[in-house]
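**Q** Below is the sequence, then the predicted model.
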Amino acid sequence: MEIEQNKIIESHWKKRKRNKFIKSKFDVLILASIIEKEGKKSEELKNISSVFLNRLNKNMKLQSDVTVAYALNKKGNNLNKLDLKSKNYFNTYRYRGLPPTPICYPGEKAILAVLYPNDTDYLYFVSNGKGGHRFSKNFSEHKKNIKLWIKDLKTMAKIKKEGVLLVISSPSGTGKTTICKKLLEYDKNIHLSVSVTTRKKRKNEVEGIDYYFRSKKDFLNLKSQNSFIENALCF
């Protein structure tokens, strides 16, 4: 694996986007390892890379949970306030700059995200509750995104506890059966039931499919939006 990583870095080293913080190929592996742990969606990796590089450029601490989790041999979602104050050189809440070594073996996409980061003004990111992240340019925006994340967590906790019925309503021939099968494949953490109903096509209708959740105890305060399919897939 190390040989493959070195081949990837070597083949892109001269063409990379240069910056004053990634001075060596070892630095690439360090930052790529953090990105590998932070990002689940490959399309976000270059944005995550830009966040860390922007923070380094402003002499801000990286403040990455995954580096602390690595040092303490914990899962990131099990960290507490005392963990974030721990005295170890992997604690990017305490020390500026990159940690001393990689925290995992990064894949090719994470490595390329370091070598070719997106040009953004992002300084923060937080989970969006769907396997991805919400990015922000300042702390005020970040706090709003944190509140949205907390709201998502509460909604997910309620759905996981009660189970959920997802109602799919659309005219015939709009792919309800395919969607139903796909959703049921992801039914790992909750008792997901899917109800499919057929209705007449509305005037000037484009999307043609409605989704809404109903808990097994009562209706959740969720309206018909396409994003609910993404919500269902993340549980």
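**A** Arrived safely, thanks for sending.
**Q** Send me the helix or strand harbouring residue 6 as PDB with only the CA atoms.
**A** Using DSSP states H and E, residue 6 maps to helix 2-12. Output for helix 2-12, consisting of C-alpha atoms alone and laid out as PDB, is shown next (Å, rounded to 0.1, in the frame of the first residue of the first chain):
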ATOM      1  CA  GLU A   2       2.800   2.400   0.800                       C
ATOM      2  CA  ILE A   3       4.400   1.700  -2.600                       C
ATOM      3  CA  GLU A   4       1.100   2.600  -4.300                       C
ATOM      4  CA  GLN A   5       0.700   5.800  -2.300                       C
ATOM      5  CA  ASN A   6       4.200   6.900  -3.200                       C
ATOM      6  CA  LYS A   7       3.500   6.200  -6.900                       C
ATOM      7  CA  ILE A   8       0.400   8.300  -6.800                       C
ATOM      8  CA  ILE A   9       2.200  11.200  -5.000                       C
ATOM      9  CA  GLU A  10       5.200  11.000  -7.300                       C
ATOM     10  CA  SER A  11       3.200  11.100 -10.400                       C
ATOM     11  CA  HIS A  12       1.400  14.300  -9.400                       C
END
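**Q** Tell me the buried residues in the next helix or strand after it?
**A** Elements were assigned by DSSP H and E; along the chain past helix 2-12, the next helix or strand is helix 25-38. By neighbour count on 16 or more other Cβ atoms under 10 Å, the buried set for helix 25-38 is 28, 29, 30, 31, 32, 33, 34, 35, 36, 37, 38. The C-beta positions use only the backbone N, C-alpha and C, and glycine is treated the same way.
**Q** what residues are up against the first one?
**A** Residues touching residue 28, when contacts are defined by Cβ atoms under 8 Å, 6 or more residues apart in numbering, comprise 9, 22, 111, 114, 115.
**Q** ok, of those residues, which one's closest to residue 72?
**A** Taking Cβ to Cβ as the measure, residue 72 lies nearest residue 114 of the contacts of residue 28, at 24.5 Å.
**Q** For the closest one, which three-state class applies?
**A** For residue 114, the secondary structure call by DSSP: H, G, I helix; E, B strand; the rest coil comes out as helix.
**Q** Distance of it relative to residue 121?
**A** Using Cβ to Cβ, to the nearest Å, residue 114 is found at 18 Å from residue 121.
**Q** So if I had to pick from those two, which one is more boxed in?
**A** In terms of neighbours (other Cβ atoms under 10 Å), residue 114 is the more surrounded of residue 114 and residue 121; the figures are 29 against 11.
**Q** so what's the more buried one up against?
**A** 22, 28, 31, 32, 35, 49.
**Q** Kindly recompute the last result at 10 Å.
**A** For residue 114, the residues meeting the contact criterion (Cβ atoms under 10 Å, 6 or more residues apart in numbering) are 9, 12, 16-17, 19, 22, 27-35, 45-46, 48-49, 52-53, 106.
**Q** ok, now residue 23?
**A** By Cβ under 10 Å, 6+ apart, residue 23 lies in contact with residue 98.
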